[in-house]
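Colleague: Please work out how this folds:
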Amino acid sequence: MRMKKMLCGLLVAVLVFAMAPMAAFAAGELWVNGVDILTADSYTVQCGEGTAVYDPDNAILTLTNATLNQANRASRVIDVPSSIGELTIRLVGDNTIENHSEGIMAFCPLTIDGQGTLTITTGTVAGLISSGDMVIDGATVTVTTTNDGAIQANGANLTLQNGATLKGTGKYYGVNAQQVSVTGKSTLITAGTEELYNAILANTSLIAEDSTITGTSDGVAILSFGPITLTDSTVTATSTSSYGMWSVDLLSIAGHSTVTTQGENVGMDGNSGVQISAPSDGYVEILVGDDAESAQPSASSPVGPGQNVSVTDMGNYSYAKVAPHTHELTYVPAVDPTPAKPGNIEYWYCEGCGTYFADAEGAQEITEADTYLAPEGTADIPGSNEGQVGGGDWDWPSSSGGSTSGSGSGTTTGGKENPSTGDSSLMAGIALLAAASVGGILLSKKRK
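Modeller: Numbers count the residues shown, from 1 in each chain. Predicted coordinates for the structure are as follows:
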């Protein structure tokens, strides 16, 4: 027993001794491609045919067509100490980092910007890690890690902005951060390759504004332990054995967003429900089903302009798509009214959302009442649903698509029957004649 304790104590001592130099190694040193760049001539390190140049006054490390494949004793190609405060890596041209372990480890907030690209390939440890907030600002970064997650903002937030592109493929996750925010026409493409793991793991929230997010994995593809808020964005989530997208809080989709999800169990859902808000200038369509081929409009579809709906049955479908509704307009020609029948103006009708338009482009929306013209010389037609149209009161037709009373003369386009144009019916004529005859008989009897 005593020998075991001694061995354990020796092992702990060895581990502490081994770790201590690594901590001191990085405490006041900025390692780039195997060199402490703070001690390099002109703060410049040769990286293949390119260079890495550090600006100590502004804490900017500029990579120009750099090839980095040399690690320090901590097995990191770029090792950033907390003493730097906040580092910006600026990309010029095409840059690459290859290492069996870590690519970039920043013990401080990290921003990657510039018009260039950076491709990171690592093996046993995530390729891009920061212990402070990570921002990808307008740059293009691709990270592939074979035996760990790809991109991690450890206890911090990840932000993409100003047209940034970030691609992350890892064994356990593509992206792991507290809040994941993708804004300003940016693109986040992620994948988790191991069974039951995620493409995106957001520990507090996920936000997308005017941007694109794609997640593919075996587990929940896009998972947030807080709310998910998607506005004017295109989001695609695909899982082979679980949910496509899941919020432990509320899942909100707003504006001109297109959100497509496919899962083994559920396409998309939120523990506090799914809220869909249509833009003020358009309709939103909700399709649900087992897959894209079998999907049908949900009971909540379409959502009208400016309306908000809470959809409670999303969890019943393995496929779900929320997208701006595209009008399929059917032309209805004008019909002049006669003394015996109403008519209608020329108009266009969308059967999918039940909307009427005064133009073929669908720019000028009108109401059903606007399409009708009252019968000539008739101020009133008795009925249970009287309304003012064209200066007279007359019975409202109840059939959909603007058809008037009677059999109609609608045509068929694309397998859908067009709304009927106004016409007279034989039965209406007979009824009028019968009424006139009865009136004549009554007058005749009264005179007698």
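Colleague: so who does the residue nearest the centre of the chain touch?
Modeller: Nearest to the mean C-alpha position of the chain, counting by Cα atoms, centre = their mean, stands Val235 at 3.1 Å. Residues counted as contacts of Val235 (Cβ atoms under 8 Å, 6 or more residues apart in numbering) are Ala208, Thr212, Ile213, Thr214, Ile222, Met245, Ser257, Thr258, Val259, Thr260. Yep, even glycine has a C-beta here, placed from its N, CA and C like the rest.
Colleague: For it, give the beta-bridge partners.
Modeller: Ile213, Val259 (DSSP bridges).
Colleague: can I get the contacts of Val235 in TSV with neighbour count, distance to Gln178 and pLDDT?
Modeller: What follows is the contacts of Val235, written out as TSV (neighbours: other Cβ atoms under 10 Å; distance: Cβ to Cβ, whole Å; pLDDT from 0 to 100):
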residue	neighbour count	distance to Gln178	pLDDT
Ala208	26	16	98
Thr212	18	21	98
Ile213	28	17	98
Thr214	21	21	98
Ile222	36	15	98
Met245	35	18	98
Ser257	24	23	97
Thr258	18	27	98
Val259	26	22	98
Thr260	22	26	98
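Colleague: can you put these in TSV and add distance to Thr169?
Modeller: Below are the contacts of Val235 laid out as TSV (distance: Cβ to Cβ, whole Å):
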residue	distance to Thr169
Ala208	20
Thr212	17
Ile213	15
Thr214	11
Ile222	15
Met245	18
Ser257	25
Thr258	23
Val259	22
Thr260	20
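Colleague: so which of these comes closest to Gly192?
Modeller: Of all those, the one with the least separation from Gly192 (Cβ to Cβ) is Ile222, at 10.5 Å.
Colleague: Pull out the buried positions in stretch 192-204.
Modeller: Gly192, Thr193, Glu194, Tyr197, Asn198, Ala199, Ile200, Leu201, Ala202, Asn203 (16 or more other Cβ atoms under 10 Å).
Colleague: Point out the ones among those that are inside helices.
Modeller: If you go by DSSP state H, the buried residues of stretch 192-204 have nothing in helices.
Colleague: export these to TSV and tack on pLDDT?
Modeller: Formatted as TSV, these follow (pLDDT from 0 to 100):
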residue	pLDDT
Gly192	97
Thr193	96
Glu194	96
Tyr197	97
Asn198	97
Ala199	98
Ile200	98
Leu201	98
Ala202	98
Asn203	97
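Colleague: what comes into contact with stretch 241-250?
Modeller: So stretch 241-250 is contacted by 195-196, 205-206, 215, 218-228, 235, 237-238, 251, 259, 261-275, 320 (Cβ under 8 Å, 6+ apart).
Colleague: Quick one: buried ones out of the residues you listed?
Modeller: Buried among the contacts of stretch 241-250 by 16+ other Cβ under 10 Å: 205-206, 215, 218-228, 235, 237-238, 251, 259, 261-263, 266-270, 273-275, 320.
Colleague: who's in contact with Gln364?
Modeller: Contacts for Gln364 (Cβ under 8 Å, 6+ apart) come out as Phe357, Ala358.
Colleague: do Glu195 as well
Modeller: Asp218, Gly219, Ser241.
Colleague: Leu128 now?
Modeller: Counting by Cβ under 8 Å, 6+ apart, Leu128 has contacts Gly103, Ile104, Ile120, Met134, Val141, Val143, Ala150, Ile151, Gln152, Gly168.
Colleague: repeat for Thr165
Modeller: Contacts of Thr165 (Cβ under 8 Å, 6+ apart): Ile136, Ala139, Thr140, Val141, Ser186, Thr187, Leu188, Ile189.
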